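Undergrad: okay, sequence plus prediction incoming.
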Amino acid sequence: MVAVAGIAIVAWLSLREETQPPVLVPRETAALRDLLAYDEEQAEDLTRAAVLGLSQPLYARSPGGIFASARRTDSFRDMIEDAVSGSEFDADLVEAIVFLESGGRPEVIAGDDPIAAAGLTQILAETAQNFLRMNVDLDASRSLTVRIDGALLRGNLELADRLRAERRQVDHRFAPRRALAGTVRYLTAALQRLGHEELAVVSYHMGIGNLTNVIYAYTGDATDAYVPDLVEEDAVTWAKLFFDTAPDRFSLAHGLLADLGDDSPTYYWRVLAAQEIMRLYREDEDELRALDLLHRAKSSHEEVLHPPSDTERYADATDLRRAWDEVALHPLPDDASLGFAIDRELAELAPQLDRPKTLYRGLRAEALAVLVYIGKRVQEISESTRPLLVTSAVRDDEYQEALRDGNAEAAHGYSLHTTGYAFDIRRRYQSGEQALAFQFLLDDLTARGLIAWIREPGAIHVTVAKEAEVLVPLMLQEDPTPEPATT
């Protein structure tokens with residue numbers, strides 16, 4: 001049967017030499033950085049995309065699971081509504097901060113020392129003492145924390161509860177009502193200093209001073225200018241700041257954000273993601289449960305982009321040949337000037353299955369457009385000369401099964417490679433600059449809702465969303481005189 005299948009594939013390839021459809025190749029464009037430049041009209045769409053693209057950690061890492069965290073957070077709703085009364089902030093937003101910061105756990109500390117962020121809304125000791133006028137006796141709080149931990153280790157829950165009550169008196173961050181009041185005071189002060197609600201929320205993680213410096217860098221104004229005026233004059237929102245900066249676009253502002261070395265730039269989107277989770281928890285638990293399963297199925301949200309229940313996949317070589325014939329798949333260009341090259345190991349198991357490697361050296365148009373965009377943009381940003389190496393492209397279930405026999409990293413069950421929407425890039429870079437440029441592209445395209453990605457030991461696994469079809473006409477055009485991909 002294998003020999004017969006091999007003869008059939010050879011015959012198919014011979015026919016394709018005469019009937020090969022046009023090959024997609026990169027369109028000649030201006031600087032690629034401008035293809036996805038920020039457009040005010042896209043702000044709402046970009047916000048929705050960022051919420052989707054950055055939701056996965058909330059589902060994967062919420063203490064006790066998404067429903068347990070939502071249940072705990074919901075128990076503080078009345079306190080939250082009291083806290084926001086008379087302020088410029090609504091209860092849904094502050095509730096989302098509670099979900100994101102503590103998962104509704106009023107006793108949690110970021111580490112084992114109360115000097116760090118602590119309490120329901122994770123306020124730093126210094127911020128509480130010097131900015132929010134909260135009572136924080138740090139020495140007493142530390143002593144009580146050690147005693148609480150000891151009581152818990154001994155299983156003395158009654159003593160632990162009594163000590164926690166004492167700690168709430170000496171460290172108001174652990175008292176939920178006072179912590180919530182402190183958070184609203186912070187947001188109110190930040191709104192006054194920054195001039196926009198989105199920016200106030202961003203500053204809750206980033207700090208008002210750091211965000212002020214980013215705004216100065218982005219607008220190009222002197223550092224003594226009144227920030228709310230700059231924000232109004234330049235129509236600065238977080239969506240604009242986030243999506244309009246890159247290593248080679250408003251690079252000073254981008255550099256300040258990158259130098260923070262944390263997830264401050266994505267904080268606002270994750271707050272909105274938490275807000276959506278709480279909405280679903282109250283209004284549509286079935287949808288929340290479905291999303292929870294999809295988000296936790298893999299180490300990225302790739303199954304949210306392509307749910308297994310309604311995504312076409314290729315079972316065998318017959319399915320793949322049909323996809324090629326219907327031009328659902330397009331060959332990978334073997335052109336290092338695009339910023340990527342085909343790794344010699346790509347499709348290495350094809351001969352074992354008596355199939356040509358070219359059968360597995362293709363992608364759907366959306367995935368190919370993203371690959372070309374990444375390759376060229378990495379070149380553009382890092383000025384690298386060595387291409388990224390593509391180690392995997394489309395597969396069928398039979399190839400995936402053969403791969404599992406000798407590769408512990410190969411996905412069991414549903415693999416996105418069998419859809420044509422996924423490719424892998426080897427984690428081997430020409431320089432630190434090339435690696436950083438690639439990381440920027442991964443993060444940026446994730447926030448735009450165009451990809452999901454996973455860092456594996458040897459490669460970066462990228463899954464491309466159907467929404468990336470917007471890149472196809474921008475990045476690719478038909479070559480009127482293609483060469484058949486039958487080597």
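TA: Ah, there it is. Quick caveat: nothing in here was measured; it's all calculated off a predicted structure.
Undergrad: can you give me the helices for the stretch 51-200 of the chain?
TA: Using DSSP state H, counting those that start in this stretch, the helices assigned to the stretch 51-200 of the chain run over residues 56-61, 66-74, 77-84, 91-102, 125-130, 138-153, 157-170, 176-194, 197-206.
Undergrad: same list (those helices) but as JSON lines, adding mean neighbour count and mean pLDDT.
TA: Quick note: C-beta positions are derived from backbone N, CA and C, even for glycine. Listed next are the helices of the stretch 51-200 of the chain as JSON lines, based on neighbours: other C-beta atoms under 10 Å; pLDDT from 0 to 100:
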{"stretch": "helix 56-61", "mean neighbour count": "18", "mean pLDDT": "96"}
{"stretch": "helix 66-74", "mean neighbour count": "20", "mean pLDDT": "98"}
{"stretch": "helix 77-84", "mean neighbour count": "18", "mean pLDDT": "98"}
{"stretch": "helix 91-102", "mean neighbour count": "24", "mean pLDDT": "98"}
{"stretch": "helix 125-130", "mean neighbour count": "17", "mean pLDDT": "96"}
{"stretch": "helix 138-153", "mean neighbour count": "16", "mean pLDDT": "97"}
{"stretch": "helix 157-170", "mean neighbour count": "16", "mean pLDDT": "97"}
{"stretch": "helix 176-194", "mean neighbour count": "21", "mean pLDDT": "98"}
{"stretch": "helix 197-206", "mean neighbour count": "24", "mean pLDDT": "97"}
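Undergrad: confidence score at the closest residue to Leu54 other than its chain neighbours?
TA: In space, and not counting its chain neighbours, Leu54 is closest to Trp269: 4.6 Å by C-beta to C-beta, 6 or more residues apart in numbering. With respect to pLDDT, Trp269 scores 97.
Undergrad: burial of Trp269, as a residue count?
TA: 25 (other C-beta atoms under 10 Å).
Undergrad: that one is in what secondary structure piece?
TA: Secondary structure from DSSP states H and E places Trp269 in helix 267-283.
Undergrad: was I right about Leu187 contacting Tyr204?
TA: Yes. The pair Leu187 / Tyr204 is scored as a contact, 6.6 Å apart, by C-beta atoms under 8 Å.
Undergrad: before we move on, back to that, who wins for proximity to Met475 among the helices of the stretch 51-200 of the chain?
TA: For the helices of the stretch 51-200 of the chain, the distance to Met475 is smallest for helix 56-61, at 26.1 Å, taking C-beta to C-beta.
Undergrad: which neighbouring elements make contact with that closest one?
TA: helix 267-283, helix 285-296 (3 or more C-beta pairs under 8 Å, 6 or more residues apart in numbering; DSSP states H and E).
Undergrad: including distance to Ala393, could the ones you listed go into a markdown table?
TA: What follows is the helices and strands packed on helix 56-61, written out as a markdown table (distance: least, C-beta to C-beta, whole Å):
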| stretch | distance to Ala393 |
| --- | --- |
| helix 267-283 | 30 |
| helix 285-296 | 24 |
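Undergrad: most tightly packed of those?
TA: helix 267-283 (a mean of 20; mean count of other C-beta atoms under 10 Å).
Undergrad: out of the helices and strands packed on helix 56-61, nearest to Leu252?
TA: helix 267-283 (20.7 Å).
Undergrad: could you check the angle that closest one makes with helix 77-84?
TA: Angle, helix 267-283 to helix 77-84, by axes from the mean of the first three to the mean of the last three C-alpha atoms, to 10 degrees: 140 degrees.
Undergrad: so which elements touch helix 267-283?
TA: helix 43-53, helix 56-61, helix 66-74, helix 91-102, helix 197-206, helix 285-296.
Undergrad: and with 10 Å instead?
TA: Contact here means 3 or more C-beta pairs under 10 Å, 6 or more residues apart in numbering; DSSP states H and E; on that basis helix 267-283 packs against helix 43-53, helix 56-61, helix 66-74, helix 91-102, helix 197-206, helix 238-243, helix 285-296.
Undergrad: need those in TSV with distance to Phe440, can you?
TA: Formatted as TSV, these follow (distance: least, C-beta to C-beta, whole Å):
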stretch	distance to Phe440
helix 43-53	15
helix 56-61	19
helix 66-74	29
helix 91-102	24
helix 197-206	18
helix 238-243	12
helix 285-296	24
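Undergrad: quick one: closest of those to Thr127.
TA: helix 197-206 (9.9 Å).
Undergrad: so how far is the closest one from its chain's centroid?
TA: Mean-position distance between helix 197-206 and its chain equals 19 Å (C-alpha atoms, centre = their mean, to the nearest Å).
Undergrad: for stretch 245-259, same thing?
TA: On C-alpha atoms, centre = their mean, the centre of stretch 245-259 falls 18 Å from the chain's centre.
Undergrad: using PDB, write out every CA atom in that stretch.
TA: Coordinates of each C-alpha in stretch 245-259 appear next as PDB, following Å, rounded to 0.1, in the frame of the first residue of the first chain:
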ATOM      1  CA  THR A 245       5.400  52.500  18.900                       C
ATOM      2  CA  ALA A 246       8.100  50.000  17.700                       C
ATOM      3  CA  PRO A 247      11.900  49.700  17.700                       C
ATOM      4  CA  ASP A 248      12.000  51.800  14.600                       C
ATOM      5  CA  ARG A 249       8.800  53.900  15.100                       C
ATOM      6  CA  PHE A 250       8.700  56.300  18.000                       C
ATOM      7  CA  SER A 251      11.700  54.400  19.100                       C
ATOM      8  CA  LEU A 252      12.500  56.400  22.200                       C
ATOM      9  CA  ALA A 253       9.000  55.800  23.600                       C
ATOM     10  CA  HIS A 254       9.300  52.100  22.700                       C
ATOM     11  CA  GLY A 255      12.700  51.900  24.300                       C
ATOM     12  CA  LEU A 256      11.400  53.200  27.600                       C
ATOM     13  CA  LEU A 257       8.600  50.600  27.600                       C
ATOM     14  CA  ALA A 258      11.000  47.800  26.700                       C
ATOM     15  CA  ASP A 259      13.400  48.900  29.400                       C
END
